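>>> here is a sequence together with a model predicted from it:
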Amino acid sequence: MRTTFGSLNTANSGLFASRKALDVISHNIANAETEGYSRQVVKQRASTPIWGDPRGIIGTGVETYNIVRIRNEFLDKKYWTQNRAVGQWGIKQQSLESLESIFNEPSDTGLRQVIDEFFVALDELAKKTGDSTRRIAVVETANTLAKTVNRHGNEIISAIREVNEEVKSKVDEINSLAFQIAAINKQIFNMELGDSQANDLRDQRNVLIDKLSKIIDISVSTTKDKNNNEYLNIKIGGITLVDHTNYSEMAYVEEDVPGISDLGAGKMAKIVWKGLESQEVKIQSGELKGLLDVRDGNGVGLNYRGLPYYLEKLNEFAREFSNKVNEIHRKGIDFNGKAGGNFFDVPDGNPDNINCLNFAVYGALLADANLIAASSDMGGESNNENLKNIIELKNKTDMFSSTKGTPDDFVKALLSSLAVDAEHAKRMSINSQVLIADTENRRMSVSGVLLDEEMGNMVKFSEAYNASARMVTTLDAILDTTINKLGLVGR
């Protein structure tokens, strides 16, 4: 027969179980706004009953055997897959929109405007080639054109340097996250040697993996040994970054890149595995992929059209525009009756050396506008035929090797390509954000803390606690009667 003390133990188990559930509810409510927190629930079951009673098996109450977090692994992996696209296209959108602001078209100081002003000044000079004011205006507008191209080129070079520094920063961030994940893995392993789960540590680890998945494409897997101990593994491009409590590190090797480094951008960082400097990290997506595409994309073949592509377009404009003007200008006669020289500067006498940074009006002509070779004969001021030949370049459609069209068409094509690329990046960024927002909402519907639900559970377990307490009070009265009053009737 079961004793009254046994019933008291049963009631006490209800008190303890309800109290534990209320503790977990309190923890959930306190962390309702904590980043990455997963809702936790108490797992309860009936405790081992008493056997051997011929009148039936009598239960002994309830026991709390675990506290688990509610998490959907499928949604986590889906989030990590989508997060890499968010990172990659977000970087590209930001970078290309910044590049659009560099060109600042259309505007009064834009490249198309200053090209037009140069040809307008030439037209005015053609009307009166001996007018010194008009000659000076031609030199000034040419100088403005060159300075505008210089400014755009320098700003793109500066942007490349900034992106390169951000690449290095992302490598350091990956190493830091790998270290932190490995450290948390060790803590989780030590805490879960029993049957309990290190719920809060697992949440912290998931937050770190969320951050890592935005930077670079990762593959996350878990395995269990015969003792049911879990081991987490993270790979990048087939190479292990985190293996349980161990982790690898990335490094960067700085190299010269033709057409970039020689224009003042400095050495570019190539990402490798630390200790295996010959093995480059395979990066398929994420913020790091976006940064590398923007920094290195020269548009050749299937390569992305990044900053180097638009820098080379400026180089092409400066080189071929100046060469065509110089070629005609050298055939003319200046105001002093002498053969014309170069209108634009030719570094080291080699036209191929002209780029968007050294594009400039020839120094002597900049100092003396009379050196403009407007005439086609030795009369100096007698005609404007040579000047007309230069003016005709405005409508010449075969000036540039890569683009058919006039100088204005060339710039319009450049700006059009940039607008298309920027719009594509924006659209892809928005689409990826919509997809991940849906996945995050689904994650939160599973793992997030819903305060209304927690309040309902709080009432439920409060009532259960009160009922168990009432049972303890009742059993206490029974014990008091049994011990102190039974057998005293009639005395």
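Received it, and whenever you're ready, just let me know what you need.
>>> which element, helix or strand, includes the residue nearest to residue 413 when sequence neighbours are not counted?
Nearest residue to residue 413, sequence neighbours excluded (C-beta to C-beta, 6 or more residues apart in numbering): residue 403, at 5.0 Å. In short, each C-beta sits where N, CA and C put it, glycine included. Following DSSP states H and E, one finds residue 403 outside all helices and strands.
>>> number of residues surrounding residue 403?
As a burial measure, residue 403 scores 19 neighbours (other C-beta atoms under 10 Å).
>>> same question, the one 4 residues further on
A count of neighbours around residue 407, defined by other C-beta under 10 Å, yields 25.
>>> gap between the residue nearest to residue 413 and residue 415?
Remark: distance between residue 403 and residue 415 (C-beta to C-beta, to the nearest Å) = 12 Å.
>>> same check on residue 31?
50 Å.
>>> ok so, going back, who touches the residue nearest to residue 413 in this structure?
With contact taken as C-beta atoms under 8 Å, 6 or more residues apart in numbering, residue 403 is in contact with 409-410, 413.
>>> all helices of this protein, in order?
Per DSSP state H, the chain carries helices over the ranges 4-30, 73-103, 111-127, 132-191, 199-215, 287-296, 307-329, 363-367, 385-391, 407-447, 451-480.
>>> possible to save the ones you listed as JSON lines with mean pLDDT?
Converted to JSON lines, those look like this (pLDDT from 0 to 100):
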{"stretch": "helix 4-30", "mean pLDDT": "87"}
{"stretch": "helix 73-103", "mean pLDDT": "96"}
{"stretch": "helix 111-127", "mean pLDDT": "95"}
{"stretch": "helix 132-191", "mean pLDDT": "97"}
{"stretch": "helix 199-215", "mean pLDDT": "97"}
{"stretch": "helix 287-296", "mean pLDDT": "97"}
{"stretch": "helix 307-329", "mean pLDDT": "96"}
{"stretch": "helix 363-367", "mean pLDDT": "94"}
{"stretch": "helix 385-391", "mean pLDDT": "94"}
{"stretch": "helix 407-447", "mean pLDDT": "96"}
{"stretch": "helix 451-480", "mean pLDDT": "86"}
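>>> out of those helices, deepest packed?
helix 287-296 (a mean of 25; mean count of other C-beta atoms under 10 Å).
>>> which residue sits closest to residue 233, ignoring its sequence neighbours?
Nearest one to residue 233, counting by C-beta to C-beta, 6+ apart, is residue 221 at 5.0 Å.
>>> right, I mislabeled it, should have said residue 42
Nearest one to residue 42, counting by C-beta to C-beta, 6+ apart, is residue 21 at 4.6 Å.
>>> that neighbour touches residue 43, doesn't it?
No: applying C-beta atoms under 8 Å as the test, residue 21 and residue 43 come out as separate, 10.1 Å apart.
>>> give me the common contacts of the two.
Common neighbours of residue 21 and residue 43 (C-beta under 8 Å, 6+ apart) are residue 64.
>>> if we can go back for a sec, quick check: the residue nearest to residue 42 vs residue 446, distance?
20 Å.
>>> likewise residue 283?
31 Å.
>>> same deal with residue 181?
22 Å.
>>> now residue 485
Applying C-beta to C-beta to residue 485 and residue 446 gives a distance of 56 Å.
>>> hmm, residue 98 is touching residue 158, no?
No: the criterion here is C-beta under 8 Å, and residue 98 misses it with residue 158 at 10.6 Å.
>>> tell me where the stretch 251-400 of the chain has strands.
For the stretch 251-400 of the chain, the strands defined by DSSP state E, counting those that start in this stretch cover 268-273, 276-280.
>>> between the first one and strand 276-280, how many degrees?
For the pair strand 268-273 and strand 276-280, the angle between their directions (axes from the mean of the first three to the mean of the last three C-alpha atoms, to 10 degrees) equals 100 degrees.
>>> in the sheet, which residues pair with residue 271? Tell me.
For residue 271, the beta-bridge partners under DSSP bridges are residue 252.
>>> I'd say it and residue 281 touch.
Yes: counting by C-beta under 8 Å, residue 271 touches residue 281, with 4.6 Å between them.
>>> related to what we said a few turns ago, so which of the helices of the chain is nearest residue 63?
Residue 63 lies closest, by C-beta to C-beta, to one member of those: helix 4-30, at 6.5 Å.
>>> still on that earlier bit, for the strands of the stretch 251-400 of the chain, which has the smallest mean pLDDT value?
Between the strands of the stretch 251-400 of the chain, the lowest average pLDDT goes to strand 276-280, which shows a mean of 84.
>>> sheet-wise, list the partners of that strand with their directions.
Here, using DSSP bridges, strand 276-280 pairs with strand 268-273 (antiparallel).
>>> which parts of the strand it pairs with are buried?
For strand 268-273, the neighbour count (16 or more other C-beta atoms under 10 Å) marks 268-273 as buried.
>>> for stretch 236-248, measure first residue to last.
11 Å (C-alpha to C-alpha, to the nearest Å).
>>> that stretch: which residues count as buried?
236-237, 241-242, 244-245, 247-248.
>>> contacts for it?
Residues contacting stretch 236-248 (C-beta under 8 Å, 6+ apart): 174, 178-179, 181-183, 185-186, 189, 216-219, 231-235, 273-274, 279, 281-284.
>>> just to revisit the earlier point, can I get the buried residues of stretch 236-248 in CSV with pLDDT?
Listed next are those as CSV, based on pLDDT from 0 to 100:
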residue, pLDDT
236, 96
237, 92
241, 97
242, 97
244, 94
245, 95
247, 96
248, 95
